[in-house]
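Visitor: Turn this into a model:
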Amino acid sequence: MKRILISLIALGLASCDQAPKTVSQTPQAMQATKPIEYTDARVRLAPNGMDMTAGYLTVKNNSDKPIEIIGASTDIADHIELHTHIKTNDGMMSMQQVEKFDVPAKGNFELAPNGAHLMIFGVKPNLKEGDAAKITLKIKDNPDLIVDAKLVANPNIEIDGMKKDGNNKAEHSH
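Guide: A predicted model of the protein is given here:
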């Protein structure tokens, strides 16, 4: 009987020694309270042996204040610039480097083809579909956001003299 009583007391003391987990300490709750998150991160393979390509993702700002993405770097290339497409005076679309991307408070900012994107220069050779790229987004007045992106097929890669466009149509390239 003494052994059982001592065991129960020891078990009770051991359980008192640990602080109870609050809801905010669970992995799910910690994930939900991150001020900045991302989804759908991908980098297109560089077309036709070129050393530049583009990266895309959606950045989600869970905080009550807008944030600014002011730069980026990666382990698969020399450098990254922030770019967007703008309509010129003659109605044509043109790619242009920008100083920052603004992510609204409690909002999303999408980097996508034909819009805002990461222009990646000096891409390492011999990368293939499915490889991983680590991208670091520099956030003004916040910690960097580390992004794990997958390398994906580029819809504009030329194969045997035929150029495949984003709609999977083949055209002769000149």
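Visitor: any idea how far residue 73 is from residue 115?
Guide: 21 Å (C-beta to C-beta, to the nearest Å). All C-beta atoms are positioned from the backbone trio N, CA, C, and that covers glycine.
Visitor: So which of these two has more stuff around it?
Guide: Each of residue 73 and residue 115 has its neighbours counted (other C-beta atoms under 10 Å); residue 73 has more, 15 against 12.
Visitor: I'd assumed residue 64 was in contact with residue 104.
Guide: No - using C-beta atoms under 8 Å, residue 104 is not in contact with residue 64, being 10.7 Å away.
Visitor: Those two: which has the busier surroundings?
Guide: residue 104 (11 against 8).
Visitor: wait, what's in contact with the more buried one?
Guide: Residues near residue 104 by C-beta atoms under 8 Å, 6 or more residues apart in numbering: 61, 66.
Visitor: So which residues lie in contact with stretch 75-90, not counting its own?
Guide: Contacts to stretch 75-90, defined as C-beta under 8 Å, 6+ apart, come from residues 43, 51, 54-55, 69-74, 93-101, 114-124, 127, 131, 133-135, 151.
Visitor: make it 7 Å
Guide: Stretch 75-90 has contacts (C-beta atoms under 7 Å, 6 or more residues apart in numbering) with 69, 72-74, 93-98, 100-101, 114-124, 127, 133-134.
Visitor: Would you mind checking those residues for buried ones?
Guide: Buried by 16 or more other C-beta atoms under 10 Å: 69, 72, 74, 101, 116, 117, 118, 119, 120, 123, 127, 133, out of the contacts of stretch 75-90.
Visitor: you'd agree the third one is up against residue 119?
Guide: To tie it back to what came earlier, the one meant is residue 74. No - using C-beta atoms under 7 Å, residue 74 makes no contact with residue 119, being 11.3 Å away.
Visitor: Strands of this protein, residue ranges please.
Guide: Assigned by DSSP state E, the chain shows strands spanning 36-44, 52-61, 67-74, 79-87, 93-97, 101-103, 108-111, 117-121, 132-139, 145-152, 158-159, 162-164, 170-172.
Visitor: List the neighbouring strands of the first one plus their orientation.
Guide: When you say that, I think you mean strand 36-44. If you go by DSSP bridges, strand 36-44 pairs up with strand 52-61 (antiparallel), strand 145-152 (parallel).
Visitor: helices and strands of the protein: which one has the lowest mean pLDDT?
Guide: Across the helices and strands of the chain, mean confidence by mean pLDDT, DSSP states H and E is lowest for strand 170-172: a mean of 38.
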